[in-house]
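Undergrad: could you work out the structure for the sequence below:
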Amino acid sequence: MRLDKLLANSGLGTRSQVRDLISHGSVSVNGTVVTDASMQVKEDDPIEVNGEEINCQTKLYFLFDKPDGVLTAMEDKRLPCIADYIPSELKFKKLSPVGRLDYHTSGLLIITNDGELSHRLQSPKYEVPKVYLATYRGSEWTSGEINTVASGFTIRDKGYAEQIAPADLKTQSYESDGTGRALLTLHEGKTHEVRRIFAHFEKEVLELRRIELAGVKVTDGLDNCGLLRPLTQEELNMLFEATGIA
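TA: Below is the predicted model of the structure:
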């Protein structure tokens with residue numbers, strides 16, 4: 001790949017800004033100053049700009065533990081959004097979240113600039129499992145209700161019939177004050193689906209947290225909310241396997 005294209009893709013600026021850096025002798029490749037923007041380089045070549053080594057990977061993969069009260073968006077003038085948690089040196093990497101979590105839902109989000117992986121993780125075709133931990137108020141789940149969720153059912157909360165795909169619900173606890181906790185595994189991604197499923201059975205979701213996606217996990221607790229970290233190779237392999245990417 002051309003040196004100027006690789007550096008631009010790495011988030012250093014526009015192609016013209018990168019060419020200026022190269023022409024002024026600010027860029028070195030394998031320890032040698034380079035002034036030719038068209039020079040062919042590889043992603044794993046050691047490249048420095050003004051003496052600092054640059055990560056030139058073109059595809060980046062992060063796990064973000066989204067806090068409650070944060071918008072799943074890369075820009076918003078009114079509300080806190082996930083872009084507020086992304087370091088400035090990554091702002092030009094064309095990162096975006098895979099799917100959405102509601103404003104008041106916390107937990108696991110994948111953030112990447114790999115369009116193919118993002119598409120497949122969101123596509124119903126690949127039935128990627130997503131596990132949610134819900135704290136709710138209402139009656140305790142009955143075996144009949146759990147079986148209905150497992151079989152799939154029709155919902156009419158929006159004034160028309162809509163099919164909810166089979167899902168796996170496991171109760172965790174139920175308290176004397178009428179609140180409980182349950183895990184729900186979905187294989188599709190309808191808007192507000194978890195809350196709608198609970199509401200269909202007259203149960204109100206009080207707190208909602210996504211704790212797993214295709215085998216990649218975050219903790220049940222909220223201690224790591226706001227943490228952005230690179231995916232491990234093992235985690236990335238899980239995502240690739242779940243979506244059929246070689």
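
Undergrad: which strand in this protein has the most residues?
TA: Residue-count comparison of every strand in the chain, with assignments taken from DSSP state E, identifies strand 204-213 as the longest.

Undergrad: tell me the strands beside that strand, with direction?
TA: Each strand that pairs with strand 204-213, with its direction, by DSSP bridges: strand 105-112 (parallel), strand 130-137 (antiparallel), strand 216-217 (antiparallel).

Undergrad: looks to me like residue 92 is in a strand.
TA: No: under DSSP: H, G, I helix; E, B strand; the rest coil, residue 92 sits outside any strand and is assigned coil.

Undergrad: ok now the longest strand of the chain, how far from the chain's centre?
TA: The gap between where strand 204-213 is centred and where its chain is centred comes out at 15 Å by CA atoms, centre = their mean, to the nearest Å.

Undergrad: and stretch 95-114, which residues are buried?
TA: 95-98, 101-102, 105-114 (16 or more other CB atoms under 10 Å). Where C-beta positions appear, they are placed from N, C-alpha and C, glycine not excepted.

Undergrad: I'd like to know how far residue 244 sits from residue 118.
TA: Look at residue 244 and residue 118: by CB to CB, to the nearest Å, they are 14 Å apart.

Undergrad: the more surrounded of the two?
TA: Under the neighbour definition other CB atoms under 10 Å, residue 244 and residue 118 were set side by side, and residue 118 has more, 18 against 9.

Undergrad: now that one. Nearest residue, chain neighbours left out?
TA: residue 98 (4.7 Å; CB to CB, 6 or more residues apart in numbering).

Undergrad: so what's that neighbour up against?
TA: If a contact means CB atoms under 8 Å, 6 or more residues apart in numbering, then residue 98 has 109, 110, 111, 112, 117, 118, 121, 122 as its contacts.

Undergrad: ok, the one residue sitting closest to the centre of the chain - contacts?
TA: Taking CA atoms, centre = their mean, the centroid of the chain lies closest to residue 110, which sits 2.0 Å from it. With CB under 8 Å, 6+ apart as the criterion, the residues that contact residue 110 are 61-64, 97-98, 117-118, 121, 213, 216, 231, 239.

Undergrad: what about 10 Å?
TA: Taking CB atoms under 10 Å, 6 or more residues apart in numbering as the definition of contact, the neighbours of residue 110 are 61-64, 96-99, 117-118, 121-122, 213-214, 216, 231, 235-236, 239.

Undergrad: now intersect the residues you listed with the strands, please.
TA: Taking DSSP E as the definition of strands, the contacts of residue 110 contribute 61, 62, 63, 64, 96, 97, 213, 216.

Undergrad: identify the farthest-apart pair in the residues you listed.
TA: 96 and 216 (17.5 Å; CB to CB).

Undergrad: alright, that wraps it up for me.
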